[in-house]
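> I would like to see how this sequence folds:
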Amino acid sequence: MYICFAEYRIAEESRLSFLELTNKLLQHEMDMYLYEGTDQPNLFVEVWHAPTSAEAEQIKKERCGERSSWSEVSSYIVGGQAKLHVWTFKPVHPNKQDAVSG
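From the prediction side, this is the model:
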């Protein structure tokens, strides 16, 4: 299992609009989760799961693209699209990957 991880900070004044938008977007996602930092309010991470490296890279490419259904989120990011940070992670110990998601 690979993970595509997106991280960004939103403006406090945009919080409610951002949460409304992401609530709608999440209704169409099967294996994606949105988290907010407990120590840093308004710092969000998206965690997208993919079975292969190629699929994770496709998610990353799609998420960063202007045609992504998630592209509107960039309008809430402090600093805009340039401050959207996206990385792909692979398991280090594949036999332990289920422990992370459980």
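> in the chain, which spans are helices?
With helices called from DSSP state H, the chain shows them at 15-26, 53-64, 97-101.
> which one of the ones you listed lies closest to Val86?
Minimum separation from Val86 across the helices of the chain (Cβ to Cβ) falls at helix 53-64, 5.3 Å. Quick note: C-beta positions are derived from backbone N, CA and C, even for glycine.
> now that closest one, how far from the centre of its chain.
Counting by Cα atoms, centre = their mean, to the nearest Å, helix 53-64 is centred 11 Å from the centre of its parent chain.
> redo the helices of the chain as JSON lines? Include distance to Glu72, mean pLDDT and mean neighbour count.
Below are those laid out as JSON lines (distance: least, Cβ to Cβ, whole Å; pLDDT from 0 to 100; neighbours: other Cβ atoms under 10 Å):
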{"stretch": "helix 15-26", "distance to Glu72": "6", "mean pLDDT": "96", "mean neighbour count": "14"}
{"stretch": "helix 53-64", "distance to Glu72": "12", "mean pLDDT": "91", "mean neighbour count": "16"}
{"stretch": "helix 97-101", "distance to Glu72": "28", "mean pLDDT": "52", "mean neighbour count": "10"}
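> nearest to Gln81, out of these?
Nearest of the helices of the chain to Gln81, taken as Cβ to Cβ: helix 53-64 at 8.1 Å.
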